[in-house]
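**Q** Here is a sequence together with a model predicted from it:
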Amino acid sequence: MWIRWQKKTGLSLTAHQLRHGYATILFEGDIQPKDMQSYLGHAQLSTTMDIYTHIRNAHKAATDKKVADALNKL
């Protein structure tokens, strides 16, 4: 079934990579961490946040801008 999905979509990622991407998208969408944990089915929140969630460059840049804006208001 997975191979059929890969052929249909043209994507060569693994199911595990897809889970990491899903966790990252949830994080970037401001989904609450406990909700992310539930969606991914992890027993421990640390698994969701420390292993599956990644900080992409675009998210880091947006966060950097928020910090800079807050500091400029001081």
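**A** That came through fine. Numbers count the residues shown, from 1 in each chain.

**Q** Going by C-alpha atoms from here, please, whenever you check contacts or count neighbours.
**A** OK.

**Q** show me what contacts the one residue sitting closest to the centre of the chain?
**A** Centroid check for the chain by Cα atoms, centre = their mean gives residue 24 as the closest residue, at 0.5 Å. Counting by Cα atoms under 8 Å, 6 or more residues apart in numbering, residue 24 touches 52-55.

**Q** any idea which helix is longest in the protein?
**A** Secondary structure of the chain per DSSP state H: the longest helix is helix 57-72.

**Q** Other residues contacting that helix?
**A** residue 28.

**Q** do stretch 26-42 as well
**A** Contacts of stretch 26-42 (Cα under 8 Å, 6+ apart): 19, 23, 43-45, 48-49, 53, 59.

**Q** will you turn the contacts of residue 24 into CSV that also has pLDDT?
**A** Converted to CSV, the contacts of residue 24 look like this (pLDDT from 0 to 100):
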residue, pLDDT
52, 97
53, 97
54, 97
55, 96
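
**Q** State the pair within those that is farthest apart.
**A** Using Cα to Cα, the two most remote members of those are 52 and 55, lying 10.2 Å apart.
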